[in-house]
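1. Quick check, what structure comes out for this input:
(4 chains)
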There are 2 protein chains.
Amino acid sequence: MSTKNKILDAAESLFAEHGFNGTSLREITSKAEVNLAAVNYHFGSKKELIKAVMSRYMNVLAPLLEAALSDICEQENKPSLTEVLTAFIEPLLALNEVKENGTSNFLQLLGRGYTDSQGFLRWFLTTQYPSVISLFVNAVQKAYPELTAEEMFWRLHFTMGTVVFTMSSSDALMDIAKNDFDKDLSIAEVIQKVIPYVAAGVGAPISD
Amino acid sequence: MSTKNKILDAAESLFAEHGFNGTSLREITSKAEVNLAAVNYHFGSKKELIKAVMSRYMNVLAPLLEAALSDICEQENKPSLTEVLTAFIEPLLALNEVKENGTSNFLQLLGRGYTDSQGFLRWFLTTQYPSVISLFVNAVQKAYPELTAEEMFWRLHFTMGTVVFTMSSSDALMDIAKNDFDKDLSIAEVIQKVIPYVAAGVGAPISD
DNA sequence: GACTATTTTAAACACCTGTTTGAATTTTAT
DNA sequence: ATAAAATTCAAACAGGTGTTTAAAATAGTC
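-> Prediction:
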């Protein structure tokens, strides 16, 4: 395995666990069993390494997501919100083929990126993968046309918050659930639990 | 104004903006116009300073919240979920009397504490203010008795995620909303927007 | 096999971190 | 006014950060 990939793998799991700011290059290179200078040699800087870790997943996820959401947008009958959100499941689970625990790691990274380093990830997603976002907005609009653009904006960000936050602390939550209810859930099952919640939230009746 | 309070005020706004890990003692003491060593003299350590910043708000919030939730738990008729969640509004807005922007700062701090420093805040809340949490659970149970304990656990954490995450990035979201929709929302109005969403999420029908 | 080009390595760089020290100062109480 | 206690201060501490350097080792090519 190449040095570059050893670094990416080590960085990914450490970033997911301790956040971007909370992980030092020395921890990464130590876990990857690689010289400290290798990061700057292969990636240029820590910031570029973070981007590379995210891109490895986004480049797999984006096309799958675009395809699934396009299908919904182009179908004749009106989709339900649950249907729109369920479109995320298969593409997300496909990340497990990039790497073991890929889905879980990616979702945790998403959470880290949103709260670490003030909005870097918001910039990353909106500028690097705008078509996925607009397809998603279109799909939701098709499922719930009465929702105003402004209300949609807020509810989509609430949804982002729910998912991202849940996933960034999913390890801790799964531990607690195991202790309290004796149930060992997979990341797929957590996703199954969150979908009815966010579908109901986005679909909530409009108040005045 | 005492040195102690100057430090608390400076720390609070910097913590809210850049997170706990992302704020150095030198930034805090510089903003507070106070000697660097004053933090360790008055608070002992950075960790204790963080606790002090959080406690200043929690000690105001907890009794108000307990009172409001107790009322709901003890009333005869069955409350709606919206009613339960609305009980948070007044206590939260009361934090604006502790300090200007108190509500907003506190909610952002909550978000920071959850994602920074792996679960420190979860420990802080569950051990220091357990009665508030159990009252809230009781109130939700009264409003939606069909919900199993396990499903409730997940939905409450989803809700925590929605609120905490939204608030931790509320400044950015309010900026975007101002640009895109020309509307200048207050923190109270954002809370008003999030309540229907989380009420619908928690109240979503139980799937199999 | 010699000669590039690529990669790895140990060491140092400049800077930032939270914390501690001991002397100078201010405040408080007698 | 004087002694004691509390606070402020500049300076240094030990350790960590991302990044750079220049020499050593390896790989690829003629």
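2. Enumerate the residues of chain A near DNA strand C.
-> Applying Cβ under 7 Å from any atom of the strand, we find that chain A lies next to DNA strand C at A:2, A:3, A:34, A:35, A:36, A:37, A:38, A:41, A:42. Just so you know, the C-beta spots here come from the backbone N, C-alpha and C atoms, and that holds for glycine as well.
3. What about those residues, which are in helices?
-> A:3, A:38, A:41, A:42 (DSSP state H).
4. May I ask which helix or strand of chain A has the lowest mean pLDDT?
-> helix A:120-128 (a mean of 77; mean pLDDT, DSSP states H and E).
5. Which other helices and strands does it contact?
-> When contacts are defined as 3 or more Cβ pairs under 8 Å, 6 or more residues apart in numbering or on different chains; DSSP states H and E, helix A:120-128 sits against helix A:46-74, helix A:102-115, helix A:130-143.
6. Other residues contacting it?
-> A:51, A:54, A:55, A:58, A:110, A:113, A:114, A:132, A:133, B:169, B:172 (Cβ atoms under 8 Å, 6 or more residues apart in numbering or on different chains).
7. Next, format the residues you listed as TSV and append neighbour count, distance to DNA strand D and pLDDT.
-> Shown next, in TSV, are the contacts of helix A:120-128 (neighbours: other Cβ atoms under 10 Å in any protein chain shown; distance: Cβ to the nearest atom of the strand, whole Å; pLDDT from 0 to 100):
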residue	neighbour count	distance to DNA strand D	pLDDT
A:51	17	12	93
A:54	22	16	93
A:55	15	17	93
A:58	20	21	92
A:110	21	20	85
A:113	24	15	79
A:114	24	19	75
A:132	20	29	91
A:133	14	29	90
B:169	21	23	78
B:172	13	24	79
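8. so what pLDDT did the spatially most central residue of chain A get?
-> Central residue of chain A (Cα atoms, centre = their mean): residue A:107, 3.7 Å from the mean position. Per-residue pLDDT puts residue A:107 at 87.
9. quick one: it from residue A:190, how far?
-> 9 Å (Cβ to Cβ, to the nearest Å).
10. Now the common contact residues for these two.
-> A:167, A:170.
11. The residue nearest to the centre of chain A touches residue A:170, doesn't it?
-> Yes: contact status for residue A:107 versus residue A:170: in contact at 7.1 Å, counting by Cβ atoms under 8 Å.
12. Return every residue with contacts to both of the two.
-> residue A:187.
13. one step back: just give me the lowest mean pLDDT stretch among the helices and strands packed on helix A:120-128.
-> Taking the mean pLDDT of the helices and strands packed on helix A:120-128, helix A:102-115 comes last: a mean of 84.
14. now what about that helix, what contacts it?
-> A:12-13, A:15-17, A:19-20, A:50, A:53-54, A:57, A:61, A:92-93, A:95-96, A:99, A:120-122, A:124, A:160, A:163-165, A:167-171, A:187-188, B:19, B:111-112, B:115-116, B:165, B:168-169.
15. Over to stretch A:151-161?
-> A:114, A:136-137, A:140-141, A:147, A:198, A:201-202, A:204, A:206, B:161-166, B:169, B:173, B:176-177, B:180-181, B:190, B:193-194, B:197-198.
16. hang on, the earlier thing: mean neighbour count, the helices and strands packed on helix A:120-128: which tops it?
-> helix A:102-115 (a mean of 24; mean count of other Cβ atoms under 10 Å in any protein chain shown).
17. Next, the angle from it to helix A:46-74.
-> 110 degrees (axes from the mean of the first three to the mean of the last three Cα atoms, to 10 degrees).
18. Dump helix A:102-115 to CSV, keeping only the CA atoms.
-> What follows is helix A:102-115, C-alpha atoms only, in CSV (Å, rounded to 0.1, in the frame of the first residue of the first chain):
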residue,chain,number,x,y,z
GLY,A,102,-16.6,4.0,5.1
THR,A,103,-20.2,5.1,5.6
SER,A,104,-19.8,5.7,9.3
ASN,A,105,-16.5,7.5,8.9
PHE,A,106,-17.7,9.7,6.1
LEU,A,107,-20.8,10.8,8.1
GLN,A,108,-18.7,11.5,11.1
LEU,A,109,-16.2,13.5,9.0
LEU,A,110,-19.2,15.5,7.7
GLY,A,111,-20.1,16.4,11.2
ARG,A,112,-16.6,17.3,12.1
GLY,A,113,-16.2,19.5,9.1
TYR,A,114,-19.3,21.4,9.9
THR,A,115,-18.4,22.3,13.4
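19. any idea how far residue A:192 lies from residue B:114?
-> 23 Å.
20. now residue A:107
-> Counting by Cβ to Cβ - residue A:107 and residue B:114 are separated by 16 Å.
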